[in-house]
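**Student:** Below are the sequence and a predicted model for it; my questions follow.
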Amino acid sequence: MRVGVLALQGDVREHLDVIESLGHQGIAVKYREELDNIDALIIPGGESTTIGKLADRFDLLEPMKKRIAEGLPTLGTCAGMILLAKATTGTRQNLLAELDITVERNAFGRQIDSFEADLDIKGLDEPFHAVFIRAPLVQSASDDVEVLAVVDGRPVLVRQDHIIAASFHPELTKDDRIHRMLMSSVVER
Ligand code: GLN
């Protein structure tokens, strides 16, 4: 499979490494033509305002939104989750708005900027060790959004059809099960 990773800012290399370790082809996406030939897309963690601004400047926002709306299996991690969301609380920034959730950025508090947790994830047998870095919080989600994992009762992994979003960083651990979920979604389609 050809899996694009939006390569404007953030932890692009880490996602490409996971894709390649799973035997697929990773494509760093910077230009709109590169969106045409991919089977799945990953929007990485980083700074969502920066990624949103650059995506606009590189004329990627609308083409990406269109591909996702047409059913391109997509995984967003951390800042990627924010970019996929319909809305954020408080900030005004460029969003793809294809995932029916509202997120609060940096929501786990300044003191605990970063933390790790073992998550029980729906559909996975063993817990997933998740790394959170200035993570967003899903404040509300429509009924079309399935919650796959929570921390303190708050959703941290969600899915809506072909879109999966994690408020943590699956690319920073050796566990590739979230990336495999994305690949399964390609096979299902
Ligand atoms: N705090 C970042 C944002 O709001 C996201 C952090 C991350 O991707 N690790 O965009």
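**Tutor:** Done, it's in.
**Student:** and residue 184, how many neighbours does it have?
**Tutor:** 12 (other CB atoms under 10 Å). Every C-beta, even on glycine, is put in place using the N, C-alpha and C of the backbone.
**Student:** State the three-state secondary structure for the residue nearest the centre of the chain.
**Tutor:** Nearest to the mean C-alpha position of the chain, by CA atoms, centre = their mean, lies residue 76 at 0.8 Å. Under DSSP: H, G, I helix; E, B strand; the rest coil, the three-state class of residue 76 is strand.
**Student:** Same question for the one 5 residues further on.
**Tutor:** What three-state DSSP gives for residue 81 is helix.
**Student:** what about the helices in the protein?
**Tutor:** Secondary structure of the chain, counting by DSSP state H: helices at 12-21, 48-57, 61-69, 79-84, 177-188.
**Student:** which one of those is the most hemmed in?
**Tutor:** Per residue and on average, the most neighbours among these fall to helix 79-84, with a mean of 30 (mean count of other CB atoms under 10 Å).
**Student:** ok, residue 42 touching residue 2?
**Tutor:** No. Residue 42 is not in contact with residue 2 according to CB atoms under 8 Å; the separation is 11.8 Å.
**Student:** and those two? which has more neighbours close in?
**Tutor:** Remark: of residue 42 and residue 2, residue 42 carries more neighbours, 28 against 14, as counted by other CB under 10 Å.
**Student:** Let me know the pLDDT of that one.
**Tutor:** Per-residue confidence (pLDDT) for residue 42: 98.
**Student:** Export the helices of the chain as TSV, with columns for mean pLDDT.
**Tutor:** Shown next, in TSV, are the helices of the chain (pLDDT from 0 to 100):
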stretch	mean pLDDT
helix 12-21	98
helix 48-57	98
helix 61-69	98
helix 79-84	98
helix 177-188	96
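**Student:** which one of the ones you listed lies closest to residue 156?
**Tutor:** Closest to residue 156 of these, according to CB to CB: helix 79-84, at 9.1 Å.
**Student:** who's in contact with residue 121?
**Tutor:** 127-128, 148-149, 157, 177 (CB atoms under 8 Å, 6 or more residues apart in numbering).
**Student:** returning to that earlier point: and the gap between the residue nearest to the centre of the chain and residue 126?
**Tutor:** From residue 76 over to residue 126 the distance is 23 Å, taken as CB to CB, to the nearest Å.
**Student:** got it, and residue 41?
**Tutor:** 27 Å.
**Student:** Just want to know which of those two has more residues nearby.
**Tutor:** For residue 41 versus residue 126, neighbours defined as other CB under 10 Å are more numerous around residue 41 (23 against 10).
**Student:** just checking, the more buried one touches residue 72?
**Tutor:** Yes. Under the criterion of CB under 8 Å, residue 41 makes contact with residue 72 at 5.6 Å.
**Student:** pLDDT below threshold where in the chain?
**Tutor:** By pLDDT under 70, the low-scoring segments of the chain are 109-112.
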